[in-house]
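In: Here is my input, please return the structure:
(2 chains)
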Number of protein chains: 2
Amino acid sequence: MSEGVEWALHSCLNLSWLPPGQAIPTAKLAAFYSLPAAYLNKQLQALGRAGIVSSISGPRGGFQLARNPEHITLLDVVVAIEGPDEAFRCDQLLKQGPGADPDVDYRQACLISQAMRRADLAWRRTLAEQTLADLKTDVERQYPASESNTLNRFAALRA
Amino acid sequence: MSEGVEWALHSCLNLSWLPPGQAIPTAKLAAFYSLPAAYLNKQLQALGRAGIVSSISGPRGGFQLARNPEHITLLDVVVAIEGPDEAFRCDQLLKQGPGADPDVDYRQACLISQAMRRADLAWRRTLAEQTLADLKTDVERQYPASESNTLNRFAALRA
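Out: Presented below is the predicted three-dimensional model:
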């Protein structure tokens, strides 16, 4: 998995602390963790295409969450950045074996492929069960200064 | 995940049908699915280092399972080929943020890292719950000719 997922998750969490209607430019989001702005922007564009963030133009423009953190799961963010492919890609090896039937889709028929898919689904399910709102709540409970630290940092970067 | 995992899983399943004590050379295992022998051999060496297969030298030499299929999980095979790393690699982005403590291990402290680890553990658990013996039983039930087809193919390749 690319580092873009880590950047996207941290950025979404930081965006979740913005007051309603406020947006942050990519440069400030990137400066928060000293990330390269151009590459973080690619992740933000991908989040935008997935409807997770939206951009506002103008002098107070930038990115904000496009929907409520309760409606953004960790799986949404991972799929936005990494695409929908499964970790195990079945190349249908059975098609190259004896007695192969060219009309059979071995991604469906092969029990190895199914076994690997079970694990992938367990991974996806766990990510889908955790929303950005859950994460925000957990962080606020365990590190109560996070929200104000984040907003202060954004304000300082804005100065 | 590399195609080596798919090759290793299919090869382990084929090895599970060999009569006790019998071994198959890499070239025959590779020819089964028209795979490049040199690269399949790398996977078999990795499986050997993990104690999943063992090699026998001599004219009837080759690879065989090193332990009972009940004691080989799909996770064992995946980790043998791919290594023990998690899919999500936490780069400790918080170390680059405001108020970072250089003495904190953010792979432990960061709740994003923990959330991603939960999904990784669900994936690993699902793979660890499925043994090669389970897979063999499922395949034999659904495709009863698999065992004899495999052994006939090995015999034909040996001719």
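
In: How many residues are close by residue A:113?
Out: When neighbours are counted by other Cβ atoms under 10 Å in any protein chain shown, residue A:113 registers 22. The C-beta positions use only the backbone N, C-alpha and C, and glycine is treated the same way.

In: which one is it nearest to, not counting chain neighbours?
Out: Residue nearest to residue A:113 in three dimensions, not counting chain neighbours: residue A:90, with 4.1 Å by Cβ to Cβ, 6 or more residues apart in numbering or on different chains.

In: and what of residue A:42?
Out: Using Cβ to Cβ, 6+ apart and skipping the chain neighbours, the partner closest in space to residue A:42 is residue A:4 (7.3 Å).

In: where do the helices sit along chain A?
Out: Ranges of helices within chain A are A:3-15, A:26-32, A:37-49, A:74-82, A:106-109, A:111-128, A:132-142, A:146-158, based on DSSP state H.

In: out of those helices, which comes closest to residue B:136?
Out: helix A:111-128 (9.4 Å; Cβ to Cβ).

In: Send me that closest one as CSV with only the CA atoms.
Out: Coordinates of each C-alpha in helix A:111-128 appear next as CSV, following Å, rounded to 0.1, in the frame of the first residue of the first chain:
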residue,chain,number,x,y,z
LEU,A,111,-11.0,-22.5,-4.5
ILE,A,112,-7.6,-20.9,-3.9
SER,A,113,-8.9,-17.7,-5.4
GLN,A,114,-12.0,-17.9,-3.2
ALA,A,115,-9.9,-18.6,-0.1
MET,A,116,-7.8,-15.5,-0.7
ARG,A,117,-10.9,-13.5,-1.5
ARG,A,118,-12.3,-14.4,2.0
ALA,A,119,-9.3,-12.8,3.6
ASP,A,120,-9.6,-9.8,1.4
LEU,A,121,-13.2,-9.4,2.4
ALA,A,122,-12.4,-9.7,6.1
TRP,A,123,-9.9,-6.8,5.5
ARG,A,124,-12.4,-4.7,3.7
ARG,A,125,-15.1,-5.4,6.2
THR,A,126,-12.9,-4.2,9.1
LEU,A,127,-12.0,-1.0,7.2
ALA,A,128,-15.6,-0.4,6.2
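
In: Residue ranges in chain A under the pLDDT threshold?
Out: For chain A, the stretches with pLDDT under 70 are A:158-159.

In: rewinding a little: isn't the residue nearest to residue A:42 up against residue A:81?
Out: Yes - using Cβ atoms under 8 Å, residue A:4 is in contact with residue A:81, at 4.8 Å.

In: residues shared between the contacts of those two?
Out: Shared contacts of residue A:4 and residue A:81 (Cβ atoms under 8 Å, 6 or more residues apart in numbering or on different chains): A:43, A:46.

In: Excluding covalently adjacent residues, which one is nearest to residue A:121?
Out: Residue A:121 sits nearest to residue B:126 (Cβ to Cβ, 6+ apart), 8.0 Å away.

In: any idea how far that neighbour is from residue A:116?
Out: According to Cβ to Cβ, to the nearest Å, residue B:126 and residue A:116 sit 9 Å apart.

In: Compare the two (neighbour count), which wins?
Out: residue A:116 (26 against 21).

In: chain center to stretch A:107-120: distance?
Out: 25 Å (Cα atoms, centre = their mean, to the nearest Å).

In: in that stretch, what's buried?
Out: Buried residues in stretch A:107-120, counted by 16 or more other Cβ atoms under 10 Å in any protein chain shown: A:110-113, A:115-117, A:119-120.

In: Other residues contacting it?
Out: Here stretch A:107-120 makes contact (Cβ under 8 Å, 6+ apart) with A:86-88, A:90, A:92-94, A:106, B:5-6, B:9-10, B:13, B:74, B:123-124, B:126-127, B:130, B:135, B:138-139, B:142.

In: ok, residue A:146 - contacts?
Out: Contacts of residue A:146 (Cβ under 8 Å, 6+ apart): A:17, A:139-140.

In: Can I have the buried ones of those as a PyMOL selection?
Out: Only the buried members of those enter the following PyMOL selection, criterion being 16+ other Cβ under 10 Å:
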select buried, chain A and resi 17+139
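
In: of the contacts of residue A:146, list those near chain B.
Out: Counting by Cβ under 8 Å from any Cβ of the partner chain, residue A:139 from the contacts of residue A:146 sit close to chain B.

In: and which of the contacts of residue A:146 is nearest to chain B?
Out: Nearest to chain B among the contacts of residue A:146 is residue A:139, at 5.2 Å by Cβ to the nearest Cβ.

In: just checking, residue A:157 touches residue A:28?
Out: Yes - at 4.6 Å, residue A:157 and residue A:28 qualify as touching, with contact defined as Cβ under 8 Å.

In: Looking at these two, which is more packed in?
Out: Taking other Cβ under 10 Å, residue A:157 and residue A:28 do not tie; residue A:28 has more neighbours (19 against 16).
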